[in-house]
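> Next comes the sequence, and after it the predicted model I'd like to discuss.
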Amino acid sequence: MLLNTLRAPRGAAKKKTRLGRGDASGQGSTSGKGHKGQKARSGGYHKVGYEGGQMPLARRLPKRGFTNIFKTEYAVVNIADLNMFAGTSEIDLALIRKKMSFKRKLTQLKVLGNGDLQTAMTVKAAKFSKSAVEKIEKAGGKVVVVAS
């Protein structure tokens, strides 16, 4: 099989209409561009957001706030979620990242106190809620705050 012998399967490729080849072709005279105007010219179109000289919508609307690009985003896990690591004695962000899926690449872990812990385990995270610390220690576990 050679590249020059490859063909699209039957019905996959549509025939192109040949523009500007006389009125009998169906796309003659103006070649489907209508009459005159910016869109009829060669190379004549506009930039994204251009509204023909009118003040663009993006500039008419008020701007508010800003996005902090240095913001730390935490992988938030509840105490109830830690029960899936029952056989493990030590839990950290790397282990949680393997078992659970997060949309973004999160660099720090925060543990919240929703639910109850069945087994004693050492939990390493950047932040803990007060109720999470109480529940982990109540179950006989240990809380280790990891510096970021």
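Now that the structure is in, tell me what you want to look at.
> alpha carbons only for contacts and neighbour counts from here, please
Will do.
> what about the strands in the chain?
Defined through DSSP state E, the strands belonging to the chain, from first to last, are 74-78, 90-91, 108-112, 122-125, 127-128, 142-145.
> Make TSV out of these and add distance to Tyr50, mean neighbour count and mean pLDDT.
Formatted as TSV, the strands of the chain follow (distance: least, Cα to Cα, whole Å; neighbours: other Cα atoms under 10 Å; pLDDT from 0 to 100):
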stretch	distance to Tyr50	mean neighbour count	mean pLDDT
strand 74-78	39	18	92
strand 90-91	53	16	91
strand 108-112	42	21	94
strand 122-125	49	20	94
strand 127-128	47	22	95
strand 142-145	52	15	94
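> how about those, which one is nearest Gly37?
Taking Cα to Cα, strand 74-78 is the member of the strands of the chain nearest to Gly37, at 53.6 Å.
> can you pull the contacts of Gly32?
Contacts here follow Cα atoms under 8 Å, 6 or more residues apart in numbering; on that basis Gly32 touches Leu19.
> now the strands of the chain in TSV, with distance to Lys33?
Listed next are the strands of the chain as TSV, based on distance: least, Cα to Cα, whole Å:
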stretch	distance to Lys33
strand 74-78	53
strand 90-91	65
strand 108-112	56
strand 122-125	63
strand 127-128	62
strand 142-145	67
